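K.L.:
Here is a sequence with its predicted model. Questions after.
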Amino acid sequence: MAARDAVVLSGGPAWEVKLGRKDSLTANQEDSNNIMPSPRANASLLINLFDKFNLSIKDLVALSGSHSIGKARCFSIVFRLYNQSGTGRPDPTIEPKFREKLDKLCPLGGEGNVTGDLDATPEIFDNQYFKDLVKGRGFLNSDQTLFTHVQTREFVRQFSVNQSEFFNAFIEGMIKMGDLQSGRPGEIRRNCRMVNSRREDTVKGLRKKERKLIM
């Protein structure tokens, strides 16, 4: 719901969020690392990752459009600027003037927590993200690779010239992603940052029984 509202308040589309999803009873860093796309990922890795969850190439490109808003750290792109693929050189797909801007923002050996805009309109949810990719001005490697890869490039082009088409594909992708099931036990948390206390649940259960007996 928060993701939907953030998109709407930033000028993007609205959709109905299905409620009742349960949160995991455990947290696992390895599981997270295996699921969350890396900013260093290339399109082939992203395609394979999304395919594991029955999300199409179109879903991948549309959902990547969530980078229409927000910022990312220099830590995530220094390798693109100074040592792409271990070459000791910058990523050749970066537009030269944009690379100069990034060099100033993220100098070699500089502060990795400095942030840069993910697209030219970081507070507006629009299709500027895709226009930037076409121009070679994607901030993250995982973004720009969507335009350099043959299987994803055409969707980037389509969304860059047709914002409505992007919005519709984004809604479809968000709903599909929201329907994913882990197959593991879960619960509706009282605090989304932590699992419910088993002791607290027991006490509340006893109190409910006491009320019923009194009534």
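P.N.:
In hand now; what should we look at? Since this is a predicted model, take the numbers as computed values, not measurements.
K.L.:
mind listing the helices for the protein?
P.N.:
2-9, 29-35, 43-52, 57-64, 78-82, 96-105, 128-134, 141-148, 150-161, 163-178, 198-214 (DSSP state H).
K.L.:
Pull the fourth one out as CSV, backbone CA atoms only.
P.N.:
Only the C-alpha atoms of helix 57-64 are listed here, as CSV (Å, rounded to 0.1, in the frame of the first residue of the first chain):
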residue,chain,number,x,y,z
ILE,A,57,10.9,-9.6,-19.6
LYS,A,58,8.2,-6.9,-20.0
ASP,A,59,7.5,-7.1,-16.3
LEU,A,60,11.2,-6.8,-15.6
VAL,A,61,11.6,-3.6,-17.7
ALA,A,62,8.3,-2.1,-16.4
LEU,A,63,9.1,-2.8,-12.7
SER,A,64,12.6,-1.4,-13.2
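K.L.:
Give me the helices and strands touching that helix, please.
P.N.:
For helix 57-64, the contact count by 3 or more Cβ pairs under 8 Å, 6 or more residues apart in numbering; DSSP states H and E identifies helix 43-52, helix 141-148, helix 150-161, helix 163-178 as packing neighbours. To be clear about C-beta, it is placed using only N, CA and C from the backbone, and glycine gets the same treatment.
K.L.:
what comes into contact with it?
P.N.:
When contacts are defined by Cβ atoms under 8 Å, 6 or more residues apart in numbering, helix 57-64 is touched by residues 46-47, 50, 55, 129, 142-143, 146, 151-152, 155-156, 159, 166, 169-170, 172-174, 176-177.
K.L.:
Pull out the buried residues from the residues you listed.
P.N.:
With neighbours counted using 16 or more other Cβ atoms under 10 Å, the contacts of helix 57-64 contain these buried positions: 46-47, 50, 55, 129, 142-143, 146, 152, 155-156, 159, 166, 169-170, 172-174.
K.L.:
next one: stretch 184-197 to chain centre, how far?
P.N.:
Going by Cα atoms, centre = their mean, to the nearest Å, the spacing between the C-alpha centre of stretch 184-197 and its chain's C-alpha centre is 22 Å.
K.L.:
and that stretch, how far apart are its ends?
P.N.:
By Cα to Cα, to the nearest Å, the extent of stretch 184-197 from end to end equals 19 Å.
K.L.:
And stretch 73-89, by the same measure?
P.N.:
Across its full length, stretch 73-89 reaches 20 Å between end residues, using Cα to Cα.
K.L.:
Could you give me the buried positions within that stretch?
P.N.:
Buried residues in stretch 73-89, counting neighbours by 16+ other Cβ under 10 Å, are found at Cys74, Ser76, Ile77, Val78, Phe79, Arg80, Leu81, Tyr82, Gln84.
K.L.:
And stretch 38-49, by the same measure?
P.N.:
Buried positions in stretch 38-49, judged by neighbour count with 16+ other Cβ under 10 Å: Pro39, Ala41, Asn42, Ala43, Leu46, Ile47, Leu49.
K.L.:
of all these, which two lie farthest apart?
P.N.:
Pro39 and Ile47 (16.3 Å; Cβ to Cβ).
K.L.:
Just name the shakiest helix or strand of the protein by mean pLDDT.
P.N.:
With mean pLDDT, DSSP states H and E as the measure, the helix or strand of the chain carrying the lowest mean pLDDT is helix 198-214 (a mean of 57).
K.L.:
circling back: who wins for proximity to Leu25 among the helices and strands packed on helix 57-64?
P.N.:
Of the helices and strands packed on helix 57-64, nearest to Leu25 by Cβ to Cβ is helix 163-178, at 19.7 Å.
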